[in-house]
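Peer 1: please work out how this folds:
(2 chains)
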Amino acid sequence: MMEQSPNGNGRAILEVKDLKKHFKVGRRASLKAVDGISLEIKEGETLGLVGESGCGKTTVGRVLVRLYEPSGGEVLFGGEDVHRARGNDAKILNRKMQMIFQDPQASLNPRMVVSDIVAEGIDIHGLAGSKKERLDRVHELLETVGLSKEHANRFPHEFSGGQRQRIGVARALAVEPEFIVADEPVSALDVSIQAQVINLMRQLQRDRDLTYLFISHDLSVVKYISDRVGVMYLGQLVELADSDELYANPLHPYTRALLSAVPVPDPDYESERERTVIAGDLPSPVNPPSGCRFRTRCPQAVEAAAHVDPPWREAKPGHWIQACPCFA
Amino acid sequence: MEMNGDNILEVRDLQISFSTYAGEVQAVRGVSFDLRRGETLAIVGESGSGKSVTAKSIMRLNPTANTIVRGGEILFGQEDLLKLGEKQMQNIRGPKIAMVFQDPMTSLDPTMKVGRQIIESLKKHLGMSGREASKRAEELLTLVGIPNAEERVKHYPHQFSGGMRQRVVIAIALACEPQILIADEPTTALDVTIQAQILDLLRELQEKIGTSVILITHDLGVVASVADRIAVMYAGKIVETGTVRETFYDPQMPYTWGLLASIPLPNADRSRDLIPIPGSPPDMSDPPKGCPFTARCPYAMRVCSTEFPEYTTFSAEHKAACWLHHPMAPNVEPPVRIGDAR
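Peer 2: The predicted structure follows:
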């Protein structure tokens, strides 16, 4: 029995259509980091994006918030093509779409104090009328993310990893965004601190109607925080469904293998479960396999998979898969 | 200092400090544990809990310049490893106790073909001839699941993927069939699919060679899938230890409860918040008196901040240090039980 996802009102805030991002490597070759992805992110929901390193999940996030120009396809935010926007339109989009990075150490300028880091966006977008208003906003934001006013005049190195990530969250919130791309926001943190940041992100989503794209390689965390989850492999989406549905009824062999590889902190369950261990490594995204990209590692690969580009279709309502001949 | 016959290694009251500009950092504060023959013991804890320092002390790999051994002994065979000279340690490291680190790139020499890196230790420790050693090197690469070994020995580390590099490191570690393998976060840098491959490999090799393994990790899922026993470290002390089943299904100490409650389980109810451990670990240059978890513990009592509790024993293997087990303490239930919803 499927429950309606608690978040999201069903209206798409972001539409991604056949998105491609290829990076030039060497003279002729190009690395196909993202190679034809289409999805919608609904207002108020959390869409999780999982996959192994090198599958292109981070690149997707970066293209969405305009850190990269796409090589093909388009991204519509509230109906507006984000990569065509110029001037003031572009600036407004930058305000509405924010990003939280994986490494809070690397993403905070070590020579700026916290109040300047958090207020940078406020200054750029002219959201505070006076110095006092600016400072009040900063204090309010710090308290929102569980820090205190006294932290405003300190430098990033004076904080622990979890606190730094809270500063990163405060900076993203400062410009009152509608959509936040969170790229591995808790991966660098200890488990006990991870839960603090996850709870904070969920709380903020409830309070401010935020929409998240949550990128992570940690499938348990993604399942917990996401309403829907997309699985990527070598630059393409192979499966997309409601979080509970995807984890209960994975259809694509890659999703199945990925889920069965996650060790669960439950010894009895671990000793009984059967694993589909997939052999080998990720093929190079410079020269991906023809047809179904997973076929070189697929436990049930069939001959036909090499010749057909598997179509993206809805297997059941809301459950999308790349329909490879090996199972479709 | 006689060792129990079942044990291959005994660590007794180990105390390790580092001298830094900020003063003495007490990384390990009285850690004791045994390693049985053929078992896998997992040491878990957050960063800074002292788990890696403990492991490196066994290998004597902590920096000599600022490491202070405040006390304790590490018994291996007839010897206390803390008393050995560097020359003697070199005969232990590799042939008797080997170590695998988190990042394979830092433990491989980038300028040397991987074959030579394996051959080196075979020649030095087992006195093999060049020809024997290179044949063995190929066998080892095959053993750890690297296809096309006769070609691969001629490759440099950068020509391997992350998972393959970790296999090479494991091949080197197992080259001399050591009695103990210390694996320090061996799969943390790897993707889950590759992690599953490496964990399978370690399990298989352990069965074949009979090596005892100390697995250092922060991933409780990994612990549940490969370890026999577990020691939970916090602020330089072991706060709970037991078989994996005892510790996961019947944890006896609020820090262990907190660890188990703060990870999202696959069957977690998503409408409920996770239960995080508030605050952050203490500063080890000035560790708190008493139980170091007091400041973050929802059940802390007055006594907790003044004196570290004795270990309470629950079974042959299971013990925990917590004042909640004092007869006068209130009865408290853990917030989450693993396996309940299954």
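
Peer 1: pull out the buried positions in the helix or strand of chain A with the lowest mean pLDDT.
Peer 2: Lowest by mean pLDDT, DSSP states H and E among the helices and strands of chain A is helix A:267-272, with a mean of 89. Neighbour counts over helix A:267-272 (16 or more other Cβ atoms under 10 Å in any protein chain shown) mark A:Pro267, A:Tyr269, A:Glu270 as buried. To be clear about C-beta, it is placed using only N, CA and C from the backbone, and glycine gets the same treatment.

Peer 1: surely the second one meets B:Leu265?
Peer 2: No. In this structure A:Tyr269 lies outside contact range of B:Leu265 using Cβ atoms under 8 Å: 9.9 Å.

Peer 1: what lies in contact with the least confident helix or strand of chain A?
Peer 2: Residues outside helix A:267-272 that contact it (Cβ atoms under 8 Å, 6 or more residues apart in numbering or on different chains) are A:Pro263, A:Val264, B:Gly221, B:Ala224, B:Ser225, B:Val244, B:Arg245, B:Phe248, B:Tyr249, B:Gly339, B:Arg342.

Peer 1: report all helices and strands that the helix or strand following it contacts.
Peer 2: With elements assigned by DSSP states H and E, the helix or strand that comes after helix A:267-272 is strand A:312-316. Judged by 3 or more Cβ pairs under 8 Å, 6 or more residues apart in numbering or on different chains; DSSP states H and E, the packing partners of strand A:312-316 are strand A:319-322.

Peer 1: partner strands of the strand it packs on, parallel or antiparallel?
Peer 2: With DSSP bridges as the test, strand A:319-322 is paired with strand A:236-242 (antiparallel), strand A:312-316 (antiparallel).

Peer 1: least reliable of the ones you listed going by mean pLDDT?
Peer 2: Averaged per stretch, pLDDT over the strands paired with strand A:319-322 is lowest on strand A:312-316, reaching a mean of 93.

Peer 1: what residues does that one touch?
Peer 2: In contact with strand A:312-316 (Cβ under 8 Å, 6+ apart) are residues A:Ser38, A:Leu237, A:Leu251, A:Trp320, A:Ile321, A:Gln322, A:Ala323.

Peer 1: from these, which is closest to B:Leu202?
Peer 2: For the contacts of strand A:312-316, the residue nearest B:Leu202 by Cβ to Cβ is A:Leu251; the value is 31.2 Å.

Peer 1: distance of B:Gln102 relative to B:Gln117?
Peer 2: 18 Å (Cβ to Cβ, to the nearest Å).

Peer 1: just want to know which of the two has more residues nearby.
Peer 2: B:Gln117 (21 against 18; other Cβ atoms under 10 Å in any protein chain shown).

Peer 1: how about the more buried one, phi and psi?
Peer 2: phi -70, psi -30 (degrees, to the nearest 10).

Peer 1: who's in contact with it?
Peer 2: B:Leu108, B:Asp109, B:Val168, B:Ile172.

Peer 1: make JSON lines from those residues and add neighbour count and secondary structure to it.
Peer 2: Below are the contacts of B:Gln117 laid out as JSON lines (neighbours: other Cβ atoms under 10 Å in any protein chain shown; DSSP: H, G, I helix; E, B strand; the rest coil):
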{"residue": "B:Leu108", "neighbour count": "21", "secondary structure": "coil"}
{"residue": "B:Asp109", "neighbour count": "12", "secondary structure": "coil"}
{"residue": "B:Val168", "neighbour count": "25", "secondary structure": "helix"}
{"residue": "B:Ile172", "neighbour count": "25", "secondary structure": "helix"}
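
Peer 1: what helix or strand is the residue nearest to the spatial centre of chain B on?
Peer 2: For chain B, the residue whose C-alpha lies nearest the mean C-alpha position (Cα atoms, centre = their mean) is B:Ile216; its distance is 2.3 Å. Element membership for B:Ile216 (DSSP H and E) is strand B:212-217.

Peer 1: identify the residue nearest A:Phe155 in space, chain neighbours excluded?
Peer 2: Nearest non-adjacent residue to A:Phe155, counting by Cβ to Cβ, 6 or more residues apart in numbering or on different chains: A:Val113, 5.8 Å away.

Peer 1: can you pull the pLDDT of that neighbour?
Peer 2: pLDDT at A:Val113 comes out at 96.

Peer 1: what is the neighbour count of it?
Peer 2: So A:Val113, with other Cβ under 10 Å, has 16 neighbours.

Peer 1: and the stretch 51-200 of chain B, which residues reach chain A?
Peer 2: B:Ser161, B:Gly163, B:Met164, B:Asp191, B:Val192, B:Thr193, B:Ile194, B:Gln195, B:Ala196, B:Gln197, B:Leu199, B:Asp200 (Cβ under 8 Å from any Cβ of the partner chain).

Peer 1: just to revisit the earlier point, CSV for the contacts of strand A:312-316, including neighbour count?
Peer 2: Below are those laid out as CSV (neighbours: other Cβ atoms under 10 Å in any protein chain shown):
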residue, neighbour count
A:Ser38, 14
A:Leu237, 27
A:Leu251, 21
A:Trp320, 22
A:Ile321, 24
A:Gln322, 23
A:Ala323, 19
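
Peer 1: before we move on, the earlier item: could you flag which of the residues of the stretch 51-200 of chain B next to chain A are buried?
Peer 2: Among those, those classed as buried by 16+ other Cβ under 10 Å are B:Gly163, B:Met164, B:Asp191, B:Val192, B:Thr193, B:Ile194, B:Gln195, B:Ala196, B:Gln197, B:Leu199.

Peer 1: about what we covered before: so which of the contacts of helix A:267-272 sits lowest on pLDDT?
Peer 2: Ranking those by pLDDT, B:Arg342 lands last with 52.

Peer 1: in the stretch 201-342 of chain B, which spans are helices?
Peer 2: B:220-226, B:244-249, B:254-262 (DSSP state H, counting those that start in this stretch).

Peer 1: typo on my end, it should be the stretch 51-200 of chain A
Peer 2: A:57-64, A:87-96, A:114-124, A:131-144, A:161-173, A:191-208.

Peer 1: which residues touch the third one?
Peer 2: If I follow you right, that is helix A:114-124. Contacts for helix A:114-124 (Cβ under 8 Å, 6+ apart): A:95, A:98, A:108-109, A:112, A:127-128, A:134-135, A:137-138, A:141-142, A:147, A:151-156, A:167, A:170-171, A:174-175.

Peer 1: now the lowest-mean-pLDDT helix or strand in chain B: how far from the chain's centre is it?
Peer 2: Between all helices and strands in chain B, the lowest mean by mean pLDDT, DSSP H and E belongs to helix B:104-107, at a mean of 84. How far helix B:104-107 lies from its chain's middle: 18 Å, per Cα atoms, centre = their mean, to the nearest Å.
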